[in-house]
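[1] Output the structure for:
(one chain, ligands or ions: 1)
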Amino acid sequence: MSSHDVFHVTLLPHGQRFEARPDESLLKAGLRAMAPMQSSCRVGTCRTCLCRLDSGSIDYEIEWPGLTREEKAEGLVLPCVARPLSDVVLRYEA
Ligand code: FES
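    Numbering: from 1, shown residues only. This is a model prediction of the structure:
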């Protein structure tokens, strides 16, 4: 595996970091690293895992995750169905 096969994910505000492969969801990678990420359905509909993409880029495993066009444009993401395309920073707001 080359270094390009793994991306680094940072969770704000707590600053926890973990690694994620491009072929797995951010949530799956985070749970493996015992990151404090909430989830429920894990298929992109319930929005329990909702957070904001502060930097980096992602791709979705499903056609249309449970976000409006406006929310997507604002940078909101559902990590249970999002795969990393680069290093990413996710922000959780209280
Ligand atoms: S856990 Fe339900 S949308 Fe992500």
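[2] Next, give phi and psi for the residue nearest in space to the middle of the chain.
    Nearest to the mean C-alpha position of the chain, counting by C-alpha atoms, centre = their mean, stands residue 79 at 3.1 Å. Here the main-chain torsion angles of residue 79 (degrees, to the nearest 10) amount to phi -60, psi -20.
[3] OK, contacts around the closest residue in space to it that isn't next to it in sequence?
    Spatial nearest neighbour of residue 79, chain neighbours left out: residue 26 (3.8 Å); criterion: C-beta to C-beta, 6 or more residues apart in numbering. Quick note: C-beta positions are derived from backbone N, CA and C, even for glycine. Residues in contact with residue 26 (C-beta atoms under 8 Å, 6 or more residues apart in numbering) are 9, 20, 58, 77, 79-80, 82-84, 88, 90.
[4] Pull the number of nearby residues for residue 33.
    Applying other C-beta atoms under 10 Å, we find 15 residues neighbouring residue 33.
[5] For it, list the residues it contacts.
    16, 18-19 are the contacts of residue 33 under C-beta under 8 Å, 6+ apart.
[6] Was I right to think residue 91 contacts residue 52?
    Yes: using C-beta atoms under 8 Å, residue 91 is in contact with residue 52, at 4.5 Å.
[7] Briefly note if stretch 30-40 comes near the ligand.
    Yes: Stretch 30-40 lies within reach of the ligand by C-beta under 6 Å from any ligand atom, at 39-40.
[8] what is the rounded mean pLDDT of that stretch?
    Regarding stretch 30-40, the rounded mean pLDDT is 96.
[9] repeat for stretch 7-24
    pLDDT averaged over stretch 7-24 gives 97.
[10] residues making contact with it?
    5-6, 26, 29-30, 32-33, 35-37, 54, 56, 83-92.
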